[in-house]
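Asks: Any chance you can model this:
(chains A and B)
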Number of protein chains: 2
Amino acid sequence: MNQDYILPDNWSIIEEGFDAERVKSSESLFSIGNGAMGQRANFEESYSGHTFQGSYIAGIYYPDKTKVGWWKNGYPEYFAKVLNAPNWIGINVTINGEQLDLAKCQVKNFRRELNMKEGWYNRSFDAVLKNGTEVSVNVKRFLSLVNDELGIIKYDVTPITGDAEIIFAPYIDAGVKNEDANWEEKFWEPLDVQHNGNSAFVTARTFKTHFNVATYMHNSILLNGDAQQVSPSNVEADNDKVQFTYSINAAKGEMASIVKFGGYTVSLNHDNEKLVDAAAAVIASAEAKGYDGLLEEQKQAWANIWEMADITIEGDVKAQQGIRFNIFQLNQTYLGKDARLNIGPKGFTGEKYGGSTYWDTEAYCIPFYMATKDQQVARNLLTYRHNQLGKAIENAEKLGFKNGAALYPMVTMNGEECHNEWEITFEEIHRNGAIAFAIYNYYRFTGDYSYIPEKGLEVLIGIARFWHQRATFSTKQNKYVILGVTGPNEYENNVNNNFYTNYIAKWCIDYAVEQIAKVKDEYAADHSRIMGITNLDAGEIAEWKKVSDNMYFPYSEEHGVYLQQDGFLDKELVKVSDLDRSQRPINQKWSWDRILRSPYIKQADVLQGFYFFEDHFTKEELEKHFDFYEPFTVHESSLSPCVHSIQAATLGRMEQAYTFYLRTSRLDLDDYNKEVEEGLHITSMAGTWMSIVEGFGGMRVKNDMLHFEPRIPEQWKGYSFKINFRNQILKVAVHPGETNFTLEGDKELTVYVNGEAVTVEPNMLVTV
Amino acid sequence: MNQDYILPDNWSIIEEGFDAERVKSSESLFSIGNGAMGQRANFEESYSGHTFQGSYIAGIYYPDKTKVGWWKNGYPEYFAKVLNAPNWIGINVTINGEQLDLAKCQVKNFRRELNMKEGWYNRSFDAVLKNGTEVSVNVKRFLSLVNDELGIIKYDVTPITGDAEIIFAPYIDAGVKNEDANWEEKFWEPLDVQHNGNSAFVTARTFKTHFNVATYMHNSILLNGDAQQVSPSNVEADNDKVQFTYSINAAKGEMASIVKFGGYTVSLNHDNEKLVDAAAAVIASAEAKGYDGLLEEQKQAWANIWEMADITIEGDVKAQQGIRFNIFQLNQTYLGKDARLNIGPKGFTGEKYGGSTYWDTEAYCIPFYMATKDQQVARNLLTYRHNQLGKAIENAEKLGFKNGAALYPMVTMNGEECHNEWEITFEEIHRNGAIAFAIYNYYRFTGDYSYIPEKGLEVLIGIARFWHQRATFSTKQNKYVILGVTGPNEYENNVNNNFYTNYIAKWCIDYAVEQIAKVKDEYAADHSRIMGITNLDAGEIAEWKKVSDNMYFPYSEEHGVYLQQDGFLDKELVKVSDLDRSQRPINQKWSWDRILRSPYIKQADVLQGFYFFEDHFTKEELEKHFDFYEPFTVHESSLSPCVHSIQAATLGRMEQAYTFYLRTSRLDLDDYNKEVEEGLHITSMAGTWMSIVEGFGGMRVKNDMLHFEPRIPEQWKGYSFKINFRNQILKVAVHPGETNFTLEGDKELTVYVNGEAVTVEPNMLVTV
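Replies: The predicted model follows:
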């Protein structure tokens, strides 16, 4: 589990010593991104060892033809894949005639640092080449937050043992392929190659989706930090690649450097014909600022993010490093500027899971973005789904639904479903509920009701229609039932009456009906417009209510708990603690049928419902359900520990809450699931944030007021976080025996701490 | 549905008129086979229209790498595919310099006949070529039953409008590929090409499985029926193909013919080095007999089959044609000579469904072979599973079972599972029950108990162990339950307590325990041997009995029926008759989730249990269950109508029984499912036989005695069939108001007709 090779540090991710076996894992852990593009921490110079090369551009995808064993009606033709983008980071390095390749030379003093505070990645090492030359190398790389089309590399080589001829051969290359491709097709079609002085541009187009991308580079050479006026001594260009050659003679101890600017301009943001011009403009702007200026503005941009988003933890450096890593990666992945983008489960760190958008966004990510950024960011995430409502309606039609019923896809890029496993694609329909819940949650937290009449209500109506049509009447139960679903616990497939699904289905209908009434009262024009668009009338709403008022929920009188699904009690209820360790993780050790008939739970399911709708239940009910279900939960989803951490904290079980917290916050750093080389678990990182703020901090919004129930794990000396509650920024710091609040703003805010009202005035420290 | 282009005829399948749209369908319907090889009715001459080329050799398969979207633990690496074999039928024909191609000339008087009585396929037509030449063509083809390595083609061309130079260019070609291949790999590796005079041999080997096959041909030329002493004027040979050229000048009205012998010798039956010698010996033997002699012995061989297997129907030519087509195809597919072979769902008529052996063999085919052939044939089918017991135990181990528990594969060639859909592969475990049932059924019908101590008991023990381990105890029900299965009705997946599965599981354990006791009493040496091999003791048997004595069966007091599975009554129970026609077939119109949550039944499920275990229930119970389930049954499996036909007849509902009968017997001839071009439904053809013998004839074995309850559809004037009951051949003829019996043999036989004992003496007609 714990690979333990990442050194503890409050602000940086640090690896020391070179181990070829760890290269792919470190490529994931040291990934960098700026919301618009991102890349794995691949070496710039050539490397002949095992590596997983990956550069990605937000919103650029390829519809890979579906691969299944047995086709089912309704499967999508294509699976939208995150696309490995052209390589702009490559710099081949030759020293005294020998190519630098860490797999082929002796490597000493190898060190990587991902400085999260300042937003840069640095790699340094000494290399002893086969030809006997020894050099010291330092490479710093960052993707600009200020100009998200720009990346910067500074690559320094210093001969240690004697003089050296150093050849830098930077290149850009659109001849890339995906690790994850169904049919080994090429995804990129090269269109144009240009070069001009120290700059070069390769334009390529994705097949099928026809995104055009100009990949560019600009290079400058320095000796001992002084710019050298040189042009490339050689240029090699073919139809999808350009490589320049620069040769520098460095005496022993002299530092030869190349500064490479590179990145992409894309047709999402520019006209196809203007991509190269746009890239040239980025280069010009970068040259004007210079490397030092760019690095300085990067530090400032990250300081601005941290100012709001940071969580401090005192007395536990591993926990501190973990939470900052999560916050850093979330901000690298998505910054909320563009409603066409969303948050992929692997961000820019890998290709697994293909498409970008899962229910993770609504269930896990929105609270983080809502609380740590301007509310426009969360609104953009909601708008993304509103923009895709038409496709969600089409998707439902493919499955036989009618009359504007909407089923949002399980996985998507552009609104079309791209998943193809019937038990998930067709049956894991609870995702629709999370999308409605996010609308409610957004209003609850931000107080911005305007989203609902403007956009949200149409989404709520489409979703309510879906649930109304999806439920069927059981004469036996004399209730409405929802048959054949997969709940959040994907270790059950095609079950009947999953409590979570039935509960959120009922809630979606009730909430939609309430909002229709409220919009009618308060936003009459919007109401008329929406009734017109949706062709909805009171008769139909009455039919919905019949379903929501008569929904069936499986319940055990004996245990006093709602059942995860019909028949759950027919299972052999052996607790996880009584299961032989050798049988875990069950998803690697057991065949699928054995998993399905077991009682084991992959991630919160009934408890996910208790998380969303905590205020519908008493603490005693929560405790009963937690005690019933958690012992059967194997937490084999990255999304599992955070919800349990929050609930354990809510129940005052701090030791258990802390254990879950560590597991979620250091999932990737400690590689719990032995798969970090495939990429990071970006969306679950937001769950880590929730574990602290909602779990330990006990933050809730009730009746438009902010409530806290602060708790502190024994292992910590204190922690603090900030939240943007209704455009007021509140800093919360918890230490043993006291909780501090500071408000940035000009109004006062009343919060409730353990049920007691506390008034926090702007810029004053309030201690409770 | 009914394409109606097959002309009604008592003994032949006849098509008149050429329609390019029908070519692929007719290629299926006019397929020929001899148990060892078979082929679609592809044209010998080249054809540039749409065609599905297929030649197959029994027992020769290729393990195609599994293709799935989402891998599950336990999936097999490979899917054993029926393999498209080298082409030996090809004869390119050139007439006055123009290649004969029915897609490129005018075709008149086109007629195909598959003469089922005599076992040959004939195609005749007149062709007007683009060059103006008109010729009359007749082609007769058959696969020898007497020497199953030999096929014969006689191809006659007669110029009608003037003299013609006719070039016959016969070839053999191992450069074939499968329509159904996951990765477009080549399956055959060419090894050797030889030719000698009018004979040629291409040896090729399958990749991975390393089956060696020599494909051969021998050609002779006739003019007006007189043999011409000619050698090929040209020979083209490359690494996997040989083609000869023969040129004949035929005057107007003269018939130029080529007689081509061809076929395969395979490493299943010969040493690799002797394949060509073996083929040469087949040619020599065929030459000695001559074309007319071969045709004559073919007629005789088929007469022998029909003598025993024929069913006559008077007064209904379509029904007569249907049943004979089914009997003919079953005999073309499997003759029971070789325990390594089995009965593929498409026989030698297509590639769909890949592997050869499904539970169809035990559930549907064994009764037909048992009753119409020597009992050794059914014994070979049982032995096939005994030979694969070790693999079935390995298969169960992959799914976590222990201690010799056996799970027979869903689909197999060599005993290894090759299916890969979790809800089928891992969950459609009822197949194990049919394999045990067949052992019981074999003994019940043949009276040959010896199979059980020799081989069957080990299989029964492996199967009983599987069910014992697969059931789990439900404290809630205080019974053993079987969770997460797919029953025979594949329109339900991952259900709990499928009645059929639970019932046959209990029966398997009880039957195994009974047979262990019986073998102990009567075959003590076998008993000791088997207890030694299986390491079974009384304690383990007692554990099995705990499960079988306490098995849970879902039952509805309200309806008085066993429920197909837990929760069946929660469905919206809308009958098929109330479902809009436009929604059917639901497997083409509905997405999978909609099918699963519907009440619709693909094929007999509870009723399959009532079919197998009819004597466990009263006729009133059968009626109640039939009336409850049949109205929800869509019969979208070819295996569905036959069971319902039998049960409708048993209940005296002759009109309904007749409708089901027609649907099963003419499924392919009338192309009910619009898919006949993919091949024929071979295994369901045995169900058609059962519909008459067990349905209309009401034949049952009870207490070691043969019982009949003869009934006759109104549409018929009478019908007759023969059965081999315990090595005595009884002919049964049913006419309105009377039933006749004749016995071939030297002992008398007592049968029960409608409960009354009747003694049938050898060679005497007994009328009841």
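Asks: drop to CA atoms for contacts and neighbour counts, all remaining ones
Replies: OK.
Asks: Give me the spatial nearest neighbour of A:V213, chain neighbours excluded.
Replies: A:V266 (4.5 Å; C-alpha to C-alpha, 6 or more residues apart in numbering or on different chains).
Asks: how close does the one you found sit to chain B?
Replies: 31 Å (C-alpha to the nearest C-alpha, to the nearest Å).
Asks: Pull the contacting residues for that residue.
Replies: A:211-214, A:272, A:275 (C-alpha atoms under 8 Å, 6 or more residues apart in numbering or on different chains).
Asks: and the closest residue to chain B within the stretch 201-350 of chain A, how many neighbours does it have?
Replies: Residue nearest to chain B within the stretch 201-350 of chain A: A:P345 (17.3 Å; C-alpha to the nearest C-alpha). Counted with other C-alpha atoms under 10 Å in any protein chain shown, residues neighbouring A:P345 total 26.
Asks: same thing with A:G38?
Replies: A:G38: 27 neighbours (other C-alpha under 10 Å).
Asks: do the same with A:E417
Replies: So A:E417, with other C-alpha under 10 Å, has 26 neighbours.
Asks: Check the gap between it and chain B for me.
Replies: From A:E417 across to chain B, the span is 14 Å (C-alpha to the nearest C-alpha).
Asks: what about that residue, which SS state?
Replies: coil (DSSP: H, G, I helix; E, B strand; the rest coil).
Asks: Nearest spatial neighbour of A:N414, chain-adjacent residues omitted?
Replies: Per C-alpha to C-alpha, 6+ apart, closest to A:N414 is A:Q388, 7.2 Å.
Asks: Which pLDDT value does the model give the one you found?
Replies: At A:Q388, the model reports a pLDDT of 97.
Asks: I'd like the distance between it and A:K346.
Replies: A:Q388 is 22 Å from A:K346, where distance means C-alpha to C-alpha, to the nearest Å.
Asks: would you turn the contacts of A:V266 into CSV with neighbour count, secondary structure and pLDDT?
Replies: As requested, the contacts of A:V266 are exported to CSV (neighbours: other C-alpha atoms under 10 Å in any protein chain shown; DSSP: H, G, I helix; E, B strand; the rest coil; pLDDT from 0 to 100):
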residue, neighbour count, secondary structure, pLDDT
A:F211, 18, coil, 95
A:N212, 26, strand, 97
A:V213, 30, strand, 97
A:A214, 27, strand, 98
A:N272, 17, helix, 96
A:L275, 23, helix, 98
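Asks: Which member of those residues is positioned nearest A:T357?
Replies: Lowest distance from A:T357 to these (C-alpha to C-alpha) belongs to A:F211, with 19.0 Å.
Asks: For that closest one, list the residues it contacts.
Replies: A:60, A:205, A:266-268.
Asks: With A:I516 instead?
Replies: A:I516 neighbours (C-alpha under 8 Å, 6+ apart): A:457, A:527.
Asks: For it, identify the helix or strand it belongs to.
Replies: helix A:499-522 (DSSP states H and E).
Asks: which intervals of chain A have sub-threshold pLDDT?
Replies: A:1-3, A:179-184, A:354-355 (pLDDT under 70).
Asks: Apply 50 and report the result again.
Replies: Applying pLDDT under 50 to chain A flags residues A:1-2.
Asks: if we can go back for a sec, now, among the contacts of A:V266, which is nearest to A:K545?
Replies: A:F211 (44.9 Å).
Asks: roughly how far apart are that closest one and A:R385?
Replies: With C-alpha to C-alpha as the criterion, A:F211 and A:R385 are 22 Å apart.
Asks: Let me see the contact set for the residue of the stretch 301-450 of chain A with the smallest separation from chain B.
Replies: Residue of the stretch 301-450 of chain A nearest chain B, by C-alpha to the nearest C-alpha: A:L399 (5.5 Å). Contacts for A:L399 (C-alpha under 8 Å, 6+ apart) come out as A:74, A:426, B:590-591, B:594.
Asks: List buried residues within those.
Replies: Among the contacts of A:L399, those buried by neighbour count (16 or more other C-alpha atoms under 10 Å in any protein chain shown) are A:74, A:426, B:590-591, B:594.
Asks: A:W716 - that's part of a strand, no?
Replies: No: A:W716 sits outside any strand when classified using three-state DSSP, being coil.
Asks: ok, now which ones touch it?
Replies: Here A:W716 is in contact with A:313-316 (C-alpha under 8 Å, 6+ apart).
Asks: Make a ChimeraX selection of the buried ones in those.
Replies: A single ChimeraX command selects the buried members of the contacts of A:W716 (16+ other C-alpha under 10 Å):
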select /A:313,314,316
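Asks: Which ones among the contacts of A:W716 map onto strands?
Replies: Among these, DSSP state E puts A:313-314 in strands.
Asks: Quick check: of the contacts of A:W716, which lies closest to A:W689?
Replies: Using C-alpha to C-alpha, A:I313 comes nearest to A:W689 of the contacts of A:W716, at 12.2 Å.
Asks: The closest one reaches A:A319, doesn't it?
Replies: Yes: using C-alpha atoms under 8 Å, A:I313 makes contact with A:A319 at a distance of 7.0 Å.
Asks: got the residues of the stretch 401-550 of chain A near chain B?
Replies: A:420-423, A:426-427, A:472-477, A:481, A:483-484, A:493-495 (C-alpha under 8 Å from any C-alpha of the partner chain).
Asks: which of those are buried?
Replies: So, by 16+ other C-alpha under 10 Å, the buried ones in these are A:420-423, A:426-427, A:472-474, A:481, A:483-484, A:493-495.
Asks: Pick out the most distant pair among these.
Replies: A:N420 and A:S474 (29.3 Å).
Asks: How far off centre is the helix or strand containing A:V377?
Replies: In this assignment (DSSP H and E), A:V377 forms part of helix A:375-387. The chain centre lies 15 Å from the centre of helix A:375-387; the measure is C-alpha atoms, centre = their mean, to the nearest Å.
Asks: for stretch A:635-643, same thing?
Replies: 15 Å.
Asks: distance of the residue nearest to A:W507 when sequence neighbours are not counted from A:I482?
Replies: Nearest residue to A:W507, sequence neighbours excluded (C-alpha to C-alpha, 6+ apart): A:S548, at 7.5 Å. For A:S548, the distance to A:I482 equals 12 Å [C-alpha to C-alpha].
Asks: now A:E543
Replies: Following C-alpha to C-alpha, the distance that separates A:E543 from A:I482 is 16 Å.
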